[in-house]
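Engineer: Provided below for reference: sequence and predicted model.
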Number of protein chains: 2
Amino acid sequence: MIPPEHPRYRSLFARERLARYAAEGIVSLEGLSAHGRGEAFDYLLGEKTTASALLAEKTAAALLLTARDPVISVNGNTAGLAAELIAPLQEKSGAKVEVNLFHRTEERIKKISRLLRDHGVRLEEGNAERLLPLSHDRALCQRGGIYQADVILVPLEDGDRCQALREMGKTVIAIDLNPLSRTARSASLTIVDELTRALPNLTSFCASLPRHEAEALAGSLDNTRFLADALEMMKEGLSHAMD
Amino acid sequence: MIPPEHPRYRSLFARERLARYAAEGIVSLEGLSAHGRGEAFDYLLGEKTTASALLAEKTAAALLLTARDPVISVNGNTAGLAAELIAPLQEKSGAKVEVNLFHRTEERIKKISRLLRDHGVRLEEGNAERLLPLSHDRALCQRGGIYQADVILVPLEDGDRCQALREMGKTVIAIDLNPLSRTARSASLTIVDELTRALPNLTSFCASLPRHEAEALAGSLDNTRFLADALEMMKEGLSHAMD
């Protein structure tokens, strides 16, 4: 039990929540470390959505809305942090949802699928096949899901898989607080924002963006700019700390 | 299993090692997230010991060598990452070692104590009492250990406990990769370096620093400078990334 008067109560509470999901087998132990990395970068952003990130979220909504066959790829951390935020995004974006894990076991797939269904997500039926250019079980995905998608939203994705999806010619939208990560650098569009702040914004934009504006935004994407903005904000975060 | 050709193999391997210790009950699940935060800041430092951190390590050795009653406080992450590096530091510094946990259970205390003894650490005998100005079991420490120490090395310490020790008038040396953390800001001396790089440096300085030089260094401590140096290096780390 963390005493509520602890100045970092909220952040520690979030860690305890993820730790509970880890004990249940939803979040992998390695996922807890990965979450901590994100926390550090979010700290430098002042733990808020920047104007640049908001534009990235609007652009991501545009990509999902104008896609032929969009898919949201959900891993353990995404489910653990934001299970209740996926169904509204699925509804407003019209995307399929597929569970795809770095530390993949059938048991974790089942637990995460159940958690998502309990929160109203419609998951694709069908078995996973080794269709991605990656070794071992990392290659697994569904033929009717990620494999045939043209636009894929991969919150908190591993760099390897992000690159593999790009090499397959797909438009990849990443949500990643580390603007220096391979995921952030290789994605078509990187949202440098915390997951539970980013997803509701994405959903709102999907609900409100007119078609012609979505097409214009999707066509004017410049990811280098979003990454540079995030790095600049983090530098400012470090500078203010020195005052 | 992470494929060895994965570009971030080493970092992921370290995470797996900590995850293994978490499964054994040595490292807490919350400790895994905390480790991730450190990883992110280390990334910005280029994952190397800066000249400023090396001077902080030399100064820390000076504080330990000139102390009346120095103590090294070891928590789960410290034991998990660096069990084999504690005994050499204990030998060269002459410090007592006490196990002190944020997520404290008697079972974890026992497991960590066993791990440390297996690696040659001599632990103080005696029961913990509620002697620190903190709520609940967070107040626990040993009367003949942390309570009566004048200089305490707290690698990877929580900010609350660091402040409590400072309020008791103790000289606190922290090892913390986040120069913005409350621990880093409230410690008497903050080593902004990765634990397994910092500890061997500390041990070397303890073995080699002449008494008169140790006294001079201990008397000239300026922690603001060490923190500002670390922030400046991290800003440079972000700037290079933008090239």
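Structural biologist: In hand now; what should we look at?
Engineer: ok, residues contacting the helix or strand bottoming out on mean pLDDT in chain A?
Structural biologist: When the helices and strands of chain A are scored by mean pLDDT, DSSP states H and E, helix A:9-23 comes last with a mean of 78. Helix A:9-23 has contacts (C-beta atoms under 8 Å, 6 or more residues apart in numbering or on different chains) with A:2-3, A:6, A:27-29, A:31-32, A:35-36, A:39, A:76-77, A:79-81, B:28-30, B:32-34. No exception for glycine: its C-beta is placed from N, CA and C like everyone else's.
Engineer: closest point of chain A to chain B, which residue?
Structural biologist: Using C-beta to the nearest C-beta, the single residue of chain A nearest to chain B is residue A:36, 2.3 Å away.
Engineer: next helix or strand past the least confident helix or strand of chain A?
Structural biologist: Going down the chain from helix A:9-23, the next helix or strand is helix A:29-44, by DSSP states H and E.
Engineer: how about the helix or strand following that next one: buried residues?
Structural biologist: Downstream of helix A:29-44, the first helix or strand assigned by DSSP H and E is helix A:51-65. Using 16 or more other C-beta atoms under 10 Å in any protein chain shown as the burial criterion, the residues of helix A:51-65 that qualify are A:52-54, A:56-65.
Engineer: anything in helix A:51-65 near chain B?
Structural biologist: No - Helix A:51-65 lies apart from chain B when judged by C-beta under 8 Å from any C-beta of the partner chain; the minimum separation is 13.9 Å.
Engineer: for that helix, packing partners?
Structural biologist: When contacts are defined as 3 or more C-beta pairs under 8 Å, 6 or more residues apart in numbering or on different chains; DSSP states H and E, helix A:51-65 sits against helix A:76-93, strand A:151-155, strand A:171-175, strand A:189-191, helix A:195-208, helix A:211-219, helix A:223-241.
Engineer: tilt between it and helix A:195-208?
Structural biologist: Here the directions of helix A:51-65 and helix A:195-208 differ by 50 degrees (axes from the mean of the first three to the mean of the last three C-alpha atoms, to 10 degrees).
Engineer: leaving out sequence neighbours, find the closest residue to the most centrally placed residue in chain A.
Structural biologist: Nearest to the geometric centre of chain A sits residue A:155, at 1.2 Å (C-alpha atoms, centre = their mean). Distance criterion C-beta to C-beta, 6 or more residues apart in numbering or on different chains; nearest residue to residue A:155, sequence neighbours excluded, is residue A:175 at 4.2 Å.
Engineer: the one you found and residue A:162 touch, don't they?
Structural biologist: No - counting by C-beta atoms under 8 Å, residue A:175 stays clear of residue A:162, with 11.3 Å between them.
Engineer: okay, the two: which has more neighbours?
Structural biologist: residue A:175 (30 against 26; other C-beta atoms under 10 Å in any protein chain shown).
Engineer: just list the residues touching that one, thanks.
Structural biologist: Contact partners of residue A:175, counting by C-beta under 8 Å, 6+ apart, are A:153, A:154, A:155, A:156, A:190, A:191, A:193, A:195, A:198, A:199.
Engineer: again with residue A:57
Structural biologist: By C-beta under 8 Å, 6+ apart, residue A:57 lies in contact with A:49, A:191, A:193, A:198, A:201, A:202, A:205.
Engineer: which among those end up buried?
Structural biologist: A:49, A:191, A:193, A:198, A:201, A:202, A:205.
Engineer: just checking, the last one touches residue A:55?
Structural biologist: No - using C-beta under 8 Å, residue A:205 is not in contact with residue A:55; the gap is 10.1 Å.
Engineer: so where's chain A uncertain?
Structural biologist: Scanning chain A for pLDDT under 70 picks out the ranges A:1-2, A:6-11, A:241-243.
Engineer: tell me the spacing between the residue nearest to the centre of chain A and residue A:72.
Structural biologist: 8 Å (C-beta to C-beta, to the nearest Å).
Engineer: what is the neighbour count of the closest residue to residue A:148 other than its chain neighbours?
Structural biologist: Excluding the flanking residues, the one nearest residue A:148 by C-beta to C-beta, 6+ apart is residue A:69, at 6.1 Å. The local packing of residue A:69 (other C-beta under 10 Å) involves 14 other residues.
Engineer: show me the contacts for residue A:69.
Structural biologist: Residues near residue A:69 by C-beta under 8 Å, 6+ apart: A:96, A:148, A:149, A:150, A:151.
Engineer: among these, who's most crowded?
Structural biologist: The most crowded member of the contacts of residue A:69 is residue A:149, carrying 26 neighbours; neighbours defined as other C-beta under 10 Å.
Engineer: surely that residue is in contact with residue A:170?
Structural biologist: Yes - in terms of C-beta under 8 Å, residue A:149 counts as a neighbour of residue A:170; the distance is 6.4 Å.
Engineer: common neighbours of residue A:175 and residue A:162, please.
Structural biologist: residue A:154.
Engineer: before we move on, back to that, closest to residue A:240 among the contacts of residue A:57?
Structural biologist: The closest of the contacts of residue A:57 to residue A:240 turns out to be residue A:49 (C-beta to C-beta; 17.6 Å).
Engineer: unless I'm mixing things up, the closest one is touching residue A:196, no?
Structural biologist: No - contact criterion C-beta under 8 Å: residue A:49 and residue A:196 do not qualify, at 10.7 Å.
Engineer: give me the element residue A:111 is part of.
Structural biologist: If you go by DSSP H and E, residue A:111 is part of helix A:106-118.
Engineer: list the buried residues for that helix?
Structural biologist: The neighbour-count check on helix A:106-118 (16+ other C-beta under 10 Å) flags A:108, A:109, A:111, A:112, A:113, A:115, A:116 as buried.
Engineer: repeat for stretch A:32-51
Structural biologist: Going by neighbour count (16+ other C-beta under 10 Å), the buried part of stretch A:32-51 is A:32-45, A:49-50.
Engineer: residues in contact with the nearest residue in space to residue A:197 that is not next to it in sequence?
Structural biologist: In space, and not counting its chain neighbours, residue A:197 is closest to residue A:49: 5.1 Å by C-beta to C-beta, 6+ apart. Residues in contact with residue A:49 (C-beta under 8 Å, 6+ apart) are A:57, A:193, A:194, A:197, A:198, A:201.
Engineer: of those, closest to residue B:88?
Structural biologist: Within the contacts of residue A:49, the smallest distance to residue B:88 is 40.6 Å, found for residue A:194 (C-beta to C-beta).
Engineer: helix or strand for the nearest residue to residue A:133 once chain neighbours are set aside, which one?
Structural biologist: Excluding the flanking residues, the one nearest residue A:133 by C-beta to C-beta, 6+ apart is residue A:164, at 5.1 Å. If you go by DSSP H and E, residue A:164 is part of helix A:159-167.
Engineer: how about that helix: buried residues?
Structural biologist: A:159, A:160, A:161, A:162, A:163, A:164, A:165.
Engineer: wait, the second one sits on residue A:135?
Structural biologist: Okay, so that is residue A:160. No - Residue A:160 lies out of contact with residue A:135 (C-beta under 8 Å); the separation is 9.3 Å.
Engineer: OK, contacts around the residue nearest to residue A:35 when sequence neighbours are not counted?
Structural biologist: Computed as C-beta to C-beta, 6+ apart, the closest residue to residue A:35 that is not its neighbour in sequence is residue B:33, at 5.4 Å. Applying C-beta under 8 Å, 6+ apart, we find residue B:33 in contact with A:15, A:18, A:19, A:32, A:33, A:35, A:36, A:39.
Engineer: what's the most distant pair in the residues you listed?
Structural biologist: Farthest pair in the contacts of residue B:33 (C-beta to C-beta) is A:19 and A:39. Separation: 13.4 Å.
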